[in-house]
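Student: how would this look folded up:
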Amino acid sequence: MELLDRFQQVGSQEEEKNPLVIAKFFNPTGIGTWYATEYDPTTKTFFGFVSLFGDHNDEWGYFSLDELERFKGHFTLGIERDIFFTERRANEIPALRHQEV
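Tutor: From the prediction side, this is the model:
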């Protein structure tokens, strides 16, 4: 519950040029990293940066908790939350350093 509380405490960062990244999700058996800056518990939707290939296709946008939970990769492992990730500003994360919201 504390992660949900943190998202609620931070709230919308829509006007923030350098948003606070609160959580990181990743595919432990393949590609894909999701950096969440906002969460709406009603729709189970995050807003954040999605890096699937580490190239020009990476972008800021919405992604669904339901989709993350349904994904099954190699060895039927799903998407995981990086429990060692500490929140920080987007420009402090190498993959996001030059990405505009």
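Student: contacts only, for Glu15.
Tutor: Listed by Cβ atoms under 8 Å, 6 or more residues apart in numbering, Glu15 has no contact partners. Bear in mind the C-beta positions are built from the backbone N, C-alpha and C, glycine included.
Student: mind jotting down where the helices sit in this structure?
Tutor: If you assign secondary structure with DSSP state H, the helices in the chain sit at 2-10, 65-70.
Student: point out the most buried one among the ones you listed.
Tutor: Sort those by mean neighbour count, taking mean count of other Cβ atoms under 10 Å, and helix 65-70 sits at the top with a mean of 14.
Student: need the outlier residue of this protein, farthest from its centre.
Tutor: Phe75 (22.8 Å; Cα atoms, centre = their mean).
Student: pretty sure that residue contacts Thr29?
Tutor: Yes: contact criterion Cβ atoms under 8 Å: Phe75 and Thr29 qualify, at 6.2 Å.
Student: quick one, what contacts the most centrally placed residue in the chain?
Tutor: Nearest to the geometric centre of the chain sits Tyr35, at 2.4 Å (Cα atoms, centre = their mean). The neighbours of Tyr35, taking Cβ under 8 Å, 6+ apart as the test, are Val21, Ala23, Lys24, Gly48, Phe49, Val50, Ser51, Ala90, Ile93, Ala95, Leu96.
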